[in-house]
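K.L.:
After the sequence you'll find the predicted model.
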Amino acid sequence: MSVFHQWLLADPASKAPACAIILHGEDSWRCGRMIQEIAEYLNEYDDEGDGSWLPATTELVEKIARDSNHRCLLGMEEDFGDSESDFRAEFLKTLTALGRRGHVVFSSPGVSDRDLELVNTFHAGIDKARKIKESCHLILNPDLIEPKSLAHIVGDVFLEWLHGKTQRGATIQDIR
């Protein structure tokens, strides 16, 4: 069974206080590698996540966006247009559908918060601060931190952010 299907069969995170972690940065290779590492870290250390964090790599998101069966599983329309602009719109819709399902880590190169209709998301910038255009909860300069530590730092700060919000009695709609 694929990672996507295992994740989809897990309990939805819609009741969870945070749905997604979005990485922002220009280095898509580094962010792509970190998506996997952060999901692995959270699957080990996020007790409430119950091992169901999905690393939504660009390749996986594209596969889901192009496959009508996968799209239906996420509650999306079956078909879309054939042009590149249609595919870009469907890619964004797929990111939104994955984020709403919850327990997902993905990168958003060139995608603003306005493009995604998500709440309950944690934003981490992985680049020099001046290069990160989005508002982030955390910005890490990978040139100044040991590469093996980046995913752990993002995961730990995310868990602290998440638990700090829930301990104060915030509702799902309050957390941003």
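P.N.:
Looks like it came in fine. The structure presented is a predicted model; accordingly, all values stated were derived computationally and were not measured. Numbering: from 1, shown residues only.

K.L.:
and residue 19, what is it in contact with?
P.N.:
13, 99, 100, 101, 102, 103, 104, 118, 119, 120, 121 (C-beta atoms under 8 Å, 6 or more residues apart in numbering). From N, CA and C alone the C-beta is placed, and that goes for glycine too.

K.L.:
so which pair among those residues is furthest apart in space?
P.N.:
103 and 119 (14.8 Å; C-beta to C-beta).

K.L.:
ok, the two, which is more surrounded?
P.N.:
residue 103 (28 against 15; other C-beta atoms under 10 Å).

K.L.:
what's the spacing between the more buried one and residue 36?
P.N.:
As judged by C-beta to C-beta, to the nearest Å, residue 103 and residue 36 stand 14 Å apart.

K.L.:
ditto for residue 25
P.N.:
15 Å.

K.L.:
okay, the two: which has more neighbours?
P.N.:
Per other C-beta under 10 Å, whichever of residue 25 and residue 36 has more neighbours is residue 25, with 23 against 15.

K.L.:
can I assume the more buried one is in contact with residue 126?
P.N.:
Yes - Residue 25 lies in contact with residue 126 (C-beta atoms under 8 Å); the separation is 4.0 Å.

K.L.:
how about the helices in the chain?
P.N.:
For the chain, the helices defined by DSSP state H occupy 3-9, 28-45, 58-66, 68-73, 84-101, 147-167.

K.L.:
hmm, back to that, any chance of a ChimeraX selection covering the buried ones in the contacts of residue 19?
P.N.:
In ChimeraX, a selection of the buried entries from those looks like this (16 or more other C-beta atoms under 10 Å):
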select :13,99,100,101,102,103,104,118,120,121
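
K.L.:
which of the contacts of residue 19 has the weakest pLDDT?
P.N.:
On pLDDT alone, residue 13 ranks lowest of these, at 50.

K.L.:
give the contact list for the closest residue to residue 77 other than its chain neighbours.
P.N.:
Counting by C-beta to C-beta, 6 or more residues apart in numbering, residue 77 lies nearest to residue 71, which is 6.8 Å off, once chain neighbours are set aside. Going by C-beta under 8 Å, 6+ apart, residue 71 touches 64, 65, 77, 78, 94.

K.L.:
Report the lowest-confidence entry in those residues.
P.N.:
Lowest in pLDDT among these is residue 78, which has 70.
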